[in-house]
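**Q** Sequence first, then the predicted structure:
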Amino acid sequence: MFELPFILDGATGTELSKRGMKPSDCTERYVLDNPAVLAGLQKEYAAAGSEGVLAPTFGANSSTLTKHGFAVSEVEKTCRELFHVTKDNVPNVKVAGDMSPTGLLMTPYGDTEPEEIYEIYRQQAATLLDCGVDFFVIETMMCAAEAKQAVRAVRDLSADIPVFVSMTVNENGRTMYGDSLDGVLLSLLPYHIQAFGCNCSIGPDVIARALEPAAPIAKLYGIPLIAKPNAGMPITDENGTHFPLSPADMAAAVEHLTGLGVGVFGGCCGTTPAHIEAIAKAAKTTAKERFADVDMAEEGTYVSTTRVWAIVDPDAEYTAVDGDSEDDIYDLMDELDPEDILYLELGEGAADVLIGMDAFIPNPIAVQGDEEEIKKVEEMLCRKVR
């Protein structure tokens, strides 16, 4: 349903701040109290060339809203009202249901179980689907495991709604959890996402470096990449906080990004309607073909961690493991290099053991055996796929 290149909108938070939102304000409450301000901004983006805009539902999940003083009983109503600020006031564009990190730490990094994260996203996704979203943008994700729960929640409700997933990375090209974008993309392939990439993340140069390892996989599977960068790293001086990259600077990055496979463009913090106008013009007129600068990955069955990915050896021997096999798995890992695949035949209880060891396993994992155990691994051990 999207003709490429497809142009998204630019920054919301930094632009609302220019229009009166204070640093201490909850964005969702500010938008509810000042819907015309948000609608006016999004109309400017549409006039600048945005073909899809994100409804202001970024934090409209139960975890985030209740932290800002909303009652649990208000969450669904609030999400609906926020969505309709865009849907009812910005014509002739596709409207995305925007979903973001919950702010909770999933095990083993924190105390929140994956199913709790999944249920938070499922509630939000169900509300947005009922409102009539055109597509979902799961964005600014810092953890591959949490991103996968969000995608899983949407897909359990709709097999067909388009889903874009966008991670945010540090200057080293990885998320704050150490996830590389190639590993994240591989873990999401079973959920048939329509686009994948990166937003925020300092600027277009950092996003380009982060996308490079994912580009061969995206090319192999025909998945357009997303680039929605900040207008550089914010600078604070006597004139306040501002972003260094001009609209022309952002537009100059489009050709290289297109060559890496980017087909969905937009802007994040510090970008304005003027930035989007320049990006849109560059994206629509560049002579560079998508993926022109990328060699296609070898066809096969891939497995990954967030650090490395590898192609499965069809003749490999699998080691049987079950619920008592933690020490055996560590022994196997001692015999392998981090890039070597850990081939495991799953018996009863093996999935729980692997999920508990997730943070300590650097190797890609290939699994066979009990289908229920495999399903649990694929849903909960969010950084690996068979």
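**A** Okay, I see it. Since the model is a prediction, treat every value here as computed from it, not as a measurement.

**Q** Confirm residue 279 sits in a helix?
**A** Yes: applying DSSP: H, G, I helix; E, B strand; the rest coil, one finds residue 279 inside a helix.

**Q** mind listing what residue 164 touches?
**A** Contacts here follow CB atoms under 8 Å, 6 or more residues apart in numbering; on that basis residue 164 touches 96, 135-139, 193-197, 226, 264. In short, each C-beta sits where N, CA and C put it, glycine included.

**Q** That one: which element?
**A** The secondary structure element spanning residue 164 is strand 163-167 (assigned by DSSP states H and E).

**Q** Listing partners with orientation, what would you give for that strand?
**A** Taking DSSP bridges as the criterion, strand 163-167 pairs within the sheet with strand 135-141 (parallel), strand 195-200 (parallel).

**Q** CSV for those strands, including mean pLDDT, distance to residue 314 and mean neighbour count?
**A** Conversion of the strands paired with strand 163-167 to CSV gives the following (pLDDT from 0 to 100; distance: least, CB to CB, whole Å; neighbours: other CB atoms under 10 Å):
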stretch, mean pLDDT, distance to residue 314, mean neighbour count
strand 135-141, 98, 33, 26
strand 195-200, 98, 27, 27
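
**Q** In JSON lines: those, plus distance to residue 340.
**A** As requested, the strands paired with strand 163-167 are exported to JSON lines (distance: least, CB to CB, whole Å):
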{"stretch": "strand 135-141", "distance to residue 340": "28"}
{"stretch": "strand 195-200", "distance to residue 340": "26"}
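
**Q** Of these, give the one that comes closest to residue 360.
**A** Distances from residue 360 to each of the strands paired with strand 163-167 were compared using CB to CB; the minimum, 22.1 Å, belongs to strand 135-141.

**Q** and residue 221, how many neighbours does it have?
**A** Residues lying near residue 221 (other CB atoms under 10 Å) number 16.

**Q** Distance of it relative to residue 195?
**A** 11 Å (CB to CB, to the nearest Å).

**Q** re the thing from before, tell me the helices and strands packed up against the next helix or strand after the strand holding residue 164.
**A** Next in sequence after strand 163-167, counting helices and strands by DSSP H and E, comes helix 181-188. Using 3 or more CB pairs under 8 Å, 6 or more residues apart in numbering; DSSP states H and E as the contact definition, the elements that helix 181-188 packs against are helix 144-157, strand 163-167, strand 195-200, helix 215-221, strand 302-304, strand 309-311.

**Q** I'd guessed residue 256 sits against residue 208; true?
**A** Yes: the pair formed by residue 256 and residue 208 meets the contact definition of CB atoms under 8 Å, at 6.0 Å.

**Q** picking up where we left off before, columns distance to residue 64 on top of the helices and strands packed on helix 181-188, output as a markdown table?
**A** Converted to a markdown table, the helices and strands packed on helix 181-188 look like this (distance: least, CB to CB, whole Å):
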| stretch | distance to residue 64 |
| --- | --- |
| helix 144-157 | 13 |
| strand 163-167 | 18 |
| strand 195-200 | 17 |
| helix 215-221 | 30 |
| strand 302-304 | 29 |
| strand 309-311 | 32 |
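
**Q** Nearest to residue 179 among the ones you listed would be which one?
**A** Using CB to CB as the measure, helix 144-157 is the one of those that comes nearest residue 179, at 4.3 Å.

**Q** tilt between the closest one and strand 195-200?
**A** Calculated by axes from the mean of the first three to the mean of the last three CA atoms, to 10 degrees, helix 144-157 forms an angle of 130 degrees with strand 195-200.
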